[in-house]
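Student: just need the structure, nothing else, for what follows:
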Amino acid sequence: MYPEKLLAPGETIAFELKPHWRALIWPAFVLVIEVFIATWAFFAFDSTIFRWIVVIVGVIILTWQVALPFLTWLTTQYVFTSRRIIVRRGLLTKQGRDMPLSKVNNVSFEVSVLGRVLNYGTLEVESASDDGDLVINDVPNVEDIQRQVYELHELDDSRRRGRGSVPE
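Tutor: Below you'll find the model as predicted:
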């Protein structure tokens, strides 16, 4: 959950997302296969050196193919507020990008064949600023999110023009 203390006065969180769960399919598959193969290899041979090699290789594969993708998924946030779009990534080192809704020109999406089956896609937010477009991959329910971002943009535009307020 995004900390409310990092929001501007009057800014509210409309919704928050994590990347689609399909990002965890490969790490789960690797984990199951590795546990099976490493357990078999560990007990199939009596050599202490071979067992240490199995353990070291197993830890390296677990770190690289399971733990890092899981932590990346866990620490990635897409936050949509009444005034901006926030993307945050990272556990030890943080990366972030904010795009004010006032700079949004167009919101589009792309869904692959697999994305249609699993219900995810890529959201592209075109910006009027020099920072370029914001491309967010692995967005669940991307068509609904595209529509909601457009609605947030319209509400923010109305708020800035003094024609209304953003509902709490």
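Student: got the phi/psi numbers for the most centrally placed residue in the chain?
Tutor: The residue lying closest to the centre of the chain (Cα atoms, centre = their mean) is P19, at 3.3 Å. P19 adopts backbone torsions of phi -60, psi 160, taken as degrees, to the nearest 10.
Student: check contacts around the closest residue to it other than its chain neighbours.
Tutor: Excluding the flanking residues, the one nearest P19 by Cβ to Cβ, 6 or more residues apart in numbering is D138, at 4.0 Å. In short, each C-beta sits where N, CA and C put it, glycine included. Taking Cβ atoms under 8 Å, 6 or more residues apart in numbering, we find D138 in contact with 19-20, 22-23, 120, 122.
Student: distance of H153 from V54?
Tutor: The gap separating H153 from V54 is 54 Å, by Cβ to Cβ, to the nearest Å.
Student: and Y2, how many neighbours?
Tutor: By the measure other Cβ atoms under 10 Å, the count of residues near Y2 is 15.
Student: ok, which stretches of this protein are strands?
Tutor: 13-17, 77-81, 84-89, 95-100, 104-110, 120-127, 134-140 (DSSP state E).
Student: out of the ones you listed, flag the one nearest F43.
Tutor: Among the strands of the chain, strand 134-140 comes nearest to F43, with 38.0 Å by Cβ to Cβ.
Student: so for that closest one, what gets flagged as buried?
Tutor: By neighbour count with 16 or more other Cβ atoms under 10 Å, strand 134-140 contains the buried residues 134, 136, 138-140.
Student: go on, stretch 64-80?
Tutor: Judged by neighbour count (16+ other Cβ under 10 Å), stretch 64-80 contains these buried residues: 65-66, 69, 73, 76-80.
Student: ok, back up a step: adding mean pLDDT and distance to T39, write the strands of the chain out as TSV.
Tutor: Listed next are these as TSV, based on pLDDT from 0 to 100; distance: least, Cβ to Cβ, whole Å:
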stretch	mean pLDDT	distance to T39
strand 13-17	94	37
strand 77-81	95	36
strand 84-89	94	34
strand 95-100	92	37
strand 104-110	93	41
strand 120-127	94	33
strand 134-140	94	32
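Student: I33 is nearest to which of the ones you listed?
Tutor: Comparison of these against I33 by Cβ to Cβ identifies strand 134-140 as nearest, at 22.9 Å.
Student: closest one of the buried residues of strand 134-140 to F29?
Tutor: Nearest to F29 among the buried residues of strand 134-140: D138, at 17.0 Å, using Cβ to Cβ.
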